[in-house]
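In: Give me coordinates for this.
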Amino acid sequence: MLITLAIIAAVVAVAAAATPTGRRLALYAAVAARRIVLPLVMRLDPRERGVTMARPIRMAFEDLGPAFVKFGQMIASTPTAFSQEAVLEFANCLDEVRPMSVRAVWQILSSELGRQPEEIFDTIDSTPLASASIAQVHAARLEDGTEVVVKVQRPGIDTAVERDLGLLSKLCGVAMRLSEDMRRANLTAVVEDFRKTIREEMDFNLEADNIEAFSEMLAREGLTHMARAPRVFRELTTRRVLTMERFYGVRIDDQKGVRERVADPYQLIRDTSEVFWTSVFMGGFFHGDIHAGNIMVLDDGTIGYIDFGIFGRFTPHDRVNLADWVAAMVSNNADQMARVLIAMGAFPRDVDFELFRRDVAEIFMPLRTIALEDTDTIENFFPRLRAMASRHNARLPATFVLILKQLMYFGRYVMMHAPGFNENTDPKSQQMFVKLMMKFNAWRLAEGGESIAITPVGRDHAAAARAI
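Out: Model prediction:
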């Protein structure tokens with residue numbers, strides 16, 4: 001089912017219980033009437049029964065402001081909790097707003113950095129490179145000639161987001177009382193995950209920490225020839241302003257631009273995979289939003305990562321479980337994967353294990369050898385996973401779902417640049433996984449834990465094993 005009609009009804013029902021200003025409450029009511037109530041009434045006409053409600057709800061979220069826009073984007077990133085139709089619709093949730101005035105930007109920079117912009121920067125463009133609901137980005141040049149970008153948070157955005165989070169929590173509470181679908185999706189927990197994420201995203205000091213942690217991991221693991229994150233200028237960074245190195249290149253979904261910069265697209269995909277999994281296992285974190293706007297192929301052919309506002313982190317226990325999950329996938333071991341999914345807490349320990357193992361074998365294991373041209377199997381993965389979770393009374397951990405979402409993004413880049421590639425069967429990638437697991441096991445043993453076995457499976461698995 002789509003986002004259920006319970007949510008639609010809740011938009012108006014909750015407005016009376018919320019406590020924003022009268023003007024804001026009036027806005028909620030006006031948006032609900034224009035975007036939701038009218039289309040809902042139209043559906044009473046038998047001729048309109050096939051009309052989906054996902055689009056008007058998505059448009060209402062765009063009208064209601066940054067917290068709702070960001071929550072809509074989270075719906076698009078949570079295919080295990082929401083229907084495929086809702087996920088696809090909310091993938092179009094636009095986070096584009098009118099830019100702040102130059103005066104407002106200059107006032108924020110002066111207030112946060114303690115000096116006038118012209119005293120700090122040699123030049124700074126008055127026209128933003130990008131403008132979104134939380135912040136906008138300006139190109140600038142430091143006095144020593146270094147090209148940078150300056151991310152400036154919108155004034156009052158934290159207050160507006162907190163106000164809308166209150167309404168969103170009430171709305172979701174009503175939806176869960178009225179809808180079995182929403183109770184099964186554990187919508188309240190989804191909102192709490194979202195609350196934590198958006199609060200972190202509004203603290204640019206945390207984003208700077210994320211960038212530097214990622215860069216340190218690349219240097220420590222010897223991956224700087226593959227990928228980079230921008231240098232952060234800490235003396236020009238605060239909670240509301242982030243100044244960092246400017247990257248030059250193209251988005252990873254620019255096929256022509258990528259081919260002009262990269263001789264071997266297959267190696268580019270291998271490098272992207274290695275950076276991601278090394279970050280997960282050896283760093284205990286990962287970039288949590290690798291859509292095409294956040295990954296560049298730089299002019300020198302390396303991968304450039306930007307926008308670290310969403311950053312997944314693991315406890316040591318989570319890292320072990322995820323390593324076991326990857327080992328099970330590479331080794332084609334459904335029994336091992338079923339056990340690790342239970343160990344993650346994603347499925348109850350009293351689950352019917354044999355039935356559960358069969359579900360794992362049918363839903364997860366085909367992914368290891370799937371051809372990306374098989375779009376039906378890929379598109380049906382998350383709906384089948386939702387049905388499996390419902391059968392076994394499960395809720396997948398938010399971090400694991402975020403990992404799966406990044407793997408879906410990765411699949412799109414594979415389809416664009418290297419359609420015959422599969423990291424689970426590619427011999428060079430299997431070598432990478434075995435080497436990475438050896439490094440991970442060394443860390444595990446140093447921590448007093450047990451090592452994790454991985455056995456490459458495929459035509460060239462013997463060659464992969466011999467290469468170690």
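In: so the nearest residue to residue 394 once chain neighbours are set aside, which of the three states?
Out: Spatial nearest neighbour of residue 394, excluding adjacent residues (CB to CB, 6 or more residues apart in numbering): residue 347 at 4.4 Å. Quick note: C-beta positions are derived from backbone N, CA and C, even for glycine. Taken by DSSP: H, G, I helix; E, B strand; the rest coil, the conformation at residue 347 corresponds to coil.
In: Residue 347: how many residues sit nearby?
Out: Here the number of neighbours of residue 347 (other CB atoms under 10 Å) works out to 22.
In: wait, it sits on residue 390?
Out: No - using CB atoms under 8 Å, residue 347 is not in contact with residue 390, being 11.5 Å away.
In: Just the pLDDT for residue 373.
Out: For residue 373, the pLDDT comes out at 58.
In: for this protein, which residue is closest to the average position?
Out: By CA atoms, centre = their mean, the chain has its centre lying nearest to residue 289, at 3.3 Å.
In: To what extent is the nearest residue to that one once chain neighbours are set aside buried, counted in neighbours?
Out: Sequence neighbours aside, residue 310 is the residue nearest to residue 289 in space, at 4.3 Å (criterion: CB to CB, 6+ apart). For residue 310, the neighbour count with other CB under 10 Å is 22.
In: who's in contact with residue 310?
Out: 197, 200, 201, 287, 288, 289, 402 (CB atoms under 8 Å, 6 or more residues apart in numbering).
In: Mind checking which of the residues you listed are in strands?
Out: residue 287 (DSSP state E).
In: who's in contact with stretch 238-247?
Out: By CB under 8 Å, 6+ apart, stretch 238-247 touches 108-109, 112-113, 139-140, 146-153, 203-205, 207-208, 211, 228, 230-233, 236-237, 296, 298, 304, 306.
In: so where do the strands sit in the stretch 201-350 of the chain?
Out: 227-228, 241-245, 249-251, 285-287, 295-298, 303-305, 311-313 (DSSP state E, counting those that start in this stretch).
In: now swap in the stretch 1-150 of the chain and tell me
Out: Here the stretch 1-150 of the chain has its strands, by DSSP E, counting those that start in this stretch, at 121-124, 130-131, 135-142, 147-153.
In: Show me which of these has the highest average neighbour count.
Out: strand 147-153 (a mean of 21; mean count of other CB atoms under 10 Å).
In: Give me the angle between that strand and strand 241-245.
Out: 160 degrees (axes from the mean of the first three to the mean of the last three CA atoms, to 10 degrees).
In: what's downstream of strand 147-153, the next helix or strand?
Out: helix 157-178 (DSSP states H and E).
In: you'd agree residue 206 is up against residue 199?
Out: No - look at residue 206 against residue 199 with CB under 8 Å: they stay out of range, at 9.2 Å.
In: tell me, what's touching the two both at once?
Out: Between them, residue 206 and residue 199 share no contacting residue, judged by CB under 8 Å, 6+ apart.
In: Residue 452 and residue 244, how far apart?
Out: Distance, residue 452 to residue 244, using CB to CB, to the nearest Å: 36 Å.
In: Wait, residue 322 touches residue 403, no?
Out: Yes - counting by CB under 8 Å, residue 322 touches residue 403, with 7.1 Å between them.
In: Need the overlap of contacts for these two.
Out: residue 280.
In: Please report phi then psi for the residue nearest to residue 394.
Out: phi -130, psi 150 (degrees, to the nearest 10).
In: Next one: it, what pLDDT does it get?
Out: Residue 347 is given a pLDDT of 86.
In: Then residue 121?
Out: 96.
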